[in-house]
Each structure stands twice: as C-alpha cells, then as structure tokens.
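S.K.: Pasting the sequence and the predicted model now:
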Amino acid sequence: MLKRISLIATAAVTAATAVATALPADATPVARKPLSHVRITNHFDLVAGQMPENIALLPDGTADVTFAGSRQIARITPGGSTRVLATLPAPADGGTSTPVLGFALATGIVRAADGSTYALYATGTADLTGLWRLTPGKAPERIAALPPDGLPNGLALDPHNERLYITDSVLGTVWTVPLSGGRPTAWSAAPELAPAGFLGANGAKVHNGALWVTNLDQGTLVRIPIRPGNRAGVPQVRATGLAGIDDFTFTGPGDEALATLNAPNQVVLIRPDGTSTTVLTAADGLQNPTSVALRGSEVYVLNAAYTTGKDPNLLLAHLPGRHR
C-alpha cells in the first residue's frame, strides 16, 4: 500500500509541475475573505488512499464522496462519521496503465433522485474504465464503458433529460450517456476542452440550459449550450487565468460560482463577468482542493493532499447571503 501511495504522490507532483508551468504566473486572484466559520470536520487516511476527489450532497444532510487512491465510494454523515459503501475492483495491472497518472482512481460522482449513486472510474483497462452505478443493496456495476486511453473525470447530471455528461481530461472530450446506461456518445470535442500538456476538461455542471466545464491546463471555465436534440452549442469561455482549476459549483440561480484551484491550494469566487477573488487558501486548511459543493449557505470543500501529502480532509465554511 505504501508503495502505491508513493506512486500516486509521484504522479501528483508531476501534475502540479505541469499545472505550474502551463499557466501564467499572474493567474492568482487578489485575496479577500467573504467566507466565515471555516473549519475542518473530517480527516481521512492518506496511507489507505482515502484522497477525496468528488462529492455529491444528499437530501438528508449526508454526502457521498469518491476516494481516488483507494477506489472507494463512501458516505459522510453530518456527525462526521465515514462509512465505505463500495470498493471498485482493482485492475489486473494495479492501475499502472491509467493514462497520465499511472494509478487507478475513482473520480466524479452524482446522486440521482431514485437513490442511485453514479461514479466514474479510470484504470487504463477496457474491462473497468467507465461509468459505474451503485444501487442500495446491490454491488456496484459498470453501466457504460469508456475509452481506456482516456481519463473520465467530471460527472454532471441533467435530471430533466435523465442524462449524464462525462468529461475526459486526456481525450478532451465530453461524453453523454442515458441515466439507464449504455453506449456513450461523444457530445463535444471542442478545442476549449483539450489538454495543454497534462489534463484538460475536468469539472462539469448542468446549469441554466448549458453544460459548464473547467479546463485544468487552460485555466478556464467554459459554457457549452445544450441545444435541442441534446446537441452541443458553440463553447463560450466565461473565465480565464484560473491556474489548476478543478471542480466548481454555482452559488445560486445566477452564474456566480465557487471553484477549487488544486495545485495553488485556493478556492475562488468567480463572478458572472469572469473576474474572480480568492476566498480560501492553504492557511484555512486547504490541501489540494479537488471538489466544492453548496448546501444552502454551507460550503463543502474536499482536499485530497495529492502533492502536500499531509492531511486529506473535508472543510466546511459559511457563505453569507446565499440561499438555495
């Protein structure tokens, strides 16, 4: 296990170097602190590979998360307990053929209205890479195969059309799959999704008639309209200069968003005009933040500690004046 974690750490250091060199030095926003009541509520086991990658909030106050290195889906209660729901099967080669990173990892996660949890898994192997569904009382099952030479990463749910959107950070593609599963369709492979040396399209959310996607290498937030017949419209770059941008969430019905900057150890508030402000930093406890979610005015930030190697955790904060 220690050897595997060391390999993960090595890949992550390479990642951080790629992010640092691919984007301009002036990409860091000016800092201020509109968030309050910042505290760490959960600490995870780094040695066991519990590096939290993505989060889905449930109506009862709990949250489902993916642990990248341990290939697990877990549930966190409001009281702070963590229970592993499932461990995805290990690839025969241990994950060393996973593109770019060299280790198998669980990535994006969403929760559907029927109680099913959907998660992405990247292994570099054709038998396991893809979209997995976890239904209460059943073992996890793969319901859509994805290209093993890609890296499925961000996962977004459109509940109205019962459709999922999947970003591939290596192939620079957005795939779409019905909620029931099946053969994925390449929805968009626009240049705005492409990597620039490391990883491209990353986080994804359906919002206001569009799929919004981050690009880690390009440091951008991109809006792609969803046209009739589920066709992809022309991408619009809505924010730039966001070095290492990973996941994001909208703060309300408008286009203001909170986003995690992984290697810089920041959470930023992105305004509708594309300008941004730093609202959390390493001084607040960030350790390579990978995911952010919002329940009412409560902000959830997952920290994987990929390169810091210290304290993978869940951090909570209060965002005043926001209601959902």
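M.R.: Thanks, I have the structure now. Remember, it's a predicted structure, so these values are computed and weren't measured experimentally.

S.K.: Phi and psi next, for residue 193.
M.R.: Per-residue torsions, residue 193: phi -100, psi -10 (degrees, to the nearest 10).

S.K.: Residue 199 is in contact with that one, correct?
M.R.: No - counting by C-beta atoms under 8 Å, residue 193 stays clear of residue 199, with 10.8 Å between them. Every residue, glycine included, has its C-beta placed from N, CA and C.

S.K.: ok, now which ones touch residue 268?
M.R.: The contact partners of residue 268, taken as C-beta atoms under 8 Å, 6 or more residues apart in numbering, are 29, 242, 258-259, 261, 276-279.

S.K.: Report the buried members of these.
M.R.: 29, 242, 258-259, 261, 276, 278-279 (16 or more other C-beta atoms under 10 Å).

S.K.: Filter these down to the ones in strands?
M.R.: 258-259, 261, 276, 278-279 (DSSP state E).

S.K.: thinking again about what came up before, show me which pair in the buried ones among the contacts of residue 268 is furthest apart.
M.R.: Greatest spacing in the buried ones among the contacts of residue 268, by C-beta to C-beta: 242 and 279 (13.2 Å).

S.K.: Report whether residue 283 is found in a strand, as I expect.
M.R.: No - read with DSSP: H, G, I helix; E, B strand; the rest coil, residue 283 is helix and lies in no strand.

S.K.: give me the number of residues near it?
M.R.: 9 (other C-beta atoms under 10 Å).

S.K.: wait, what's in contact with it?
M.R.: Applying C-beta under 8 Å, 6+ apart, no residues contact residue 283.

S.K.: ok, it to residue 265 distance?
M.R.: Note on residue 283: its distance to residue 265, by C-beta to C-beta, to the nearest Å, is 9 Å.

S.K.: Could you pull out the helices in the stretch 1-150 of the chain for me?
M.R.: Under the criterion DSSP state H, counting those that start in this stretch, the stretch 1-150 of the chain contains helices at 2-22.

S.K.: What ranges does it have for its strands?
M.R.: 36-43, 52-57, 63-67, 72-76, 82-87, 105-111, 117-122, 130-134, 141-145 (DSSP state E, counting those that start in this stretch).

S.K.: Could you check those strands and tell me which one is nearest residue 252?
M.R.: strand 52-57 (15.3 Å).

S.K.: Tell me the helices and strands packed up against that closest one.
M.R.: Applying 3 or more C-beta pairs under 8 Å, 6 or more residues apart in numbering; DSSP states H and E, one finds that strand 52-57 contacts strand 63-67, strand 105-111, strand 289-295, strand 298-303.
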